[in-house]
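# Dropping the sequence and predicted coords here.
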Amino acid sequence: MKRLITILTTLTLLLGLVACGQAGTQSNPNQSQTQQEGISSVEEPSAPNQSTPPASSTPEADKSDEETPEGGVLVAYFSATGNTEGIAQHLQSVLDADLYEIVPEVPYTDEDLNYSNDSCRANQEQNDPAARPAITGALENPEDYDVVFLGYPIWWGQAPKVIYTFLESCDFGDAPIVPVRVSPGSSCIGSSADGLQELTENAQWLDGQRFSSGASQGEVAQWVDSLGLDL
C-alpha cells in the first residue's frame, strides 16, 4: 500500500514538471516575436513627410518682381548715295547703338537724283507735300528706345520724303529725337527738321547737327559728348 502511494506521488510530480515545461516553452516565442518586431521598427524608420519640399527647392521670396529691361539708343538713317550711311556708322560706334536703315521699296537711281532735271523723281517728291515713298520692313518696338538719332541727306533744304514715311510708321513716344543731316561740303541745311516735328506728337526734338560726308568718327564723338545726354 505504501509503495502504491509512493508511485502515485511520483507520477503527480512528473506531470506537474511537464506542465511547467510547456508553459515556459510557450512564453518564449511571444518574447522572440516582440524582439523581432522591435528590430524591424529600428531598421525601417517611417518615411519622411513628402508634402513639405526641401529647403533648397523653395523659391526665393525676393524674386517676385521681374527686372525691367533697360531702353537703348537707336540710329535710324536713310542713305541714297552712301554718305549718310558713313556718319550713321560712326554714331553707332560712338553710342553703342542699334543701327536701322530706312530702305525705300523702289531704290533711287542716279537719274532719280538728277536735281538739274525738274521732272526727276527726287524733285517731284520734294515738291509734293503728300508724297510718301513706300519703305520695306518695319522697325520693331520703337517705343522701347530712350533716344533716337535720325540721319538723312539734305534734298533742296529738306529731309527726303521717305523720312516722313518712316516717322509716320513709328511711335517713339516722348523720346528725344536728334536729327543728323549730311550734305557735301558746306551745303545749306535749311530748316529740314521743321516739317518732321509735326509727324511726332510727343517726341522731344533737339537741334541736331549737320556733318559733311567726310566727317571723322572723332568729330562725331565730340559732338555727341557736347549734347549732355545721359546715354
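Good, I have the coordinates. Quick caveat: nothing in here was measured; it's all calculated off a predicted structure.
# hey, let's count contacts and neighbours off CA atoms from now on
Noted.
# Quick check: phi and psi on Arg181?
phi -100, psi 140 (degrees, to the nearest 10).
# Surely it is in contact with Ser213?
No. At 9.7 Å, Arg181 and Ser213 do not qualify as touching, with contact defined as Cα atoms under 8 Å.
# okay, these two: which has more neighbours?
When neighbours are counted by other Cα atoms under 10 Å, Arg181 comes out ahead of the other of Arg181 and Ser213, with 24 against 18.
# follow-up on the earlier one: overlap in contacts, Arg181 and Ser213.
Common neighbours of Arg181 and Ser213, using Cα atoms under 8 Å, 6 or more residues apart in numbering, are Thr84.
# Show the subsequent helix or strand relative to the helix or strand bottoming out on mean pLDDT in the chain.
In the chain, the helix or strand scored least confidently by mean pLDDT, DSSP states H and E is helix 2-43, which has a mean of 46. If you walk from helix 2-43 toward the C-terminus, the next helix or strand you reach (DSSP states H and E) is strand 72-77.
# What strands flank that following strand, and is each parallel or antiparallel?
When pairing is defined by DSSP bridges, strand 72-77 lines up against strand 98-101 (parallel), strand 145-153 (parallel).
# which stretch among the ones you listed comes nearest Gln209?
Of all those, strand 145-153 sits nearest to Gln209, with 9.8 Å by Cα to Cα.
# Show me what the closest one is in contact with.
Taking Cα under 8 Å, 6+ apart as the rule, strand 145-153 contacts 71-79, 83-84, 87-88, 159-160, 163, 172, 175-183.
# Among those residues, name the buried ones.
Those of those that meet the buried threshold are 73-79, 83-84, 87-88, 159-160, 163, 172, 175-183, by 16 or more other Cα atoms under 10 Å.
# leaving aside the residues next to it on the chain, what's closest to Asp98?
Sequence neighbours aside, Leu74 is the residue nearest to Asp98 in space, at 4.9 Å (criterion: Cα to Cα, 6 or more residues apart in numbering).
# Surely that neighbour touches Glu101?
No. If you go by Cα under 8 Å, Leu74 and Glu101 don't touch, sitting 10.6 Å apart.
# Tell me where the model's unsure across this structure.
Applying pLDDT under 70 to the chain flags residues 1-71, 185-191.
# Go again with 90.
Low-confidence segments of the chain, defined by pLDDT under 90: 1-71, 115, 156-157, 183-195, 197-198, 200-203, 207, 213, 229-231.
# buried sites along the helix or strand that contains Glu168?
When elements are defined using DSSP H and E, Glu168 is found to belong to helix 161-169. Using 16+ other Cα under 10 Å as the burial criterion, the residues of helix 161-169 that qualify are 161-167.
# Spatially, which two of those are the most separated?
Using Cα to Cα, the pair of the buried residues of helix 161-169 lying farthest apart is Lys161 and Leu167, separated by 10.1 Å.
# Output the buried residues of helix 161-169 as CSV; include the columns distance to Ala131.
What follows is the buried residues of helix 161-169, written out as CSV (distance: Cα to Cα, whole Å):
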residue, distance to Ala131
Lys161, 6
Val162, 8
Ile163, 11
Tyr164, 9
Thr165, 9
Phe166, 12
Leu167, 13
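# Which of those sits closest to Pro142?
The closest of these, once distances to Pro142 are taken by Cα to Cα, is Leu167, at 10.3 Å.
# Pull the contacting residues for that closest one.
Under the criterion of Cα under 8 Å, 6+ apart, the contact partners of Leu167 comprise 196, 199-200.
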